[in-house]
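> Fold the following for me, if possible:
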Amino acid sequence: MKHGLVLLAFAAIAACATAPASIPAKGPDASEPAVMPPEQADACKAKSYQGLIGKPATDSGVPPAGRLVRHIRPDSIVTMDYVFARLNIEIDTRDIVTAVRCG
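Numbering: from 1, shown residues only. Sure thing, here's the model as predicted:
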């Protein structure tokens with residue numbers, strides 16, 4: 001029982017601790033844009049999909065939506081979480097790819 005209380009105390013302390021910010025956020029007070037670590041800068045391989053911009057979303061080169069590929073249309077509801085390995089493909093109302101980025 002005593003060990004369980006000690007473990008619970010450590011868990012409570014760990015939950016209250018804040019991790020140091022390793023990636024500075026870009027905001028009104030930040031003078032520099034956020035910089036991603038090199039291994040995460042293009043983790044979703046967005047650079048290799050830049051040729052899709054301007055093409056129809058039905059083009060054979062457009063990867064299907066899935067766990068790590070997100071098709072974002074004007075009326076889409078998306079979360080604001082940033083997933084380095086997730087490919088975001090923005091598609092306009094004419095069903096044309098307008099942007100490709102990680103996140």
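
> Quick check: pLDDT value at the nearest residue in space to Lys55 that is not next to it in sequence.
Leaving out its chain neighbours, the residue that sits closest to Lys55 by Cβ to Cβ, 6 or more residues apart in numbering is Val97, at 5.5 Å. Where you see a C-beta, it was placed from the backbone N, CA and C, and this is true even at glycine. With respect to pLDDT, Val97 scores 98.

> ok so Val97 is a helix residue?
No. Counting by DSSP: H, G, I helix; E, B strand; the rest coil, Val97 falls outside a helix, being strand.

> and it, what is it in contact with?
52-57, 59, 62, 89-91 (Cβ atoms under 8 Å, 6 or more residues apart in numbering).

> Name the member of those that has the highest neighbour count.
Each of the contacts of Val97 was scored for neighbours by other Cβ atoms under 10 Å, and Ile89 scores highest at 22 neighbours.

> Helix, strand, or coil at that residue?
strand.

> how close does it sit to Val78?
12 Å (Cβ to Cβ, to the nearest Å).

> again, but for Gly103
Distance, Gly103 to Val78, by Cβ to Cβ: 9 Å.

> neighbour-wise, which of these two wins?
Gly103 (16 against 11).

> hang on, the more buried one packs against Glu90?
No. Applying Cβ atoms under 8 Å as the test, Gly103 and Glu90 come out as separate, 10.6 Å apart.
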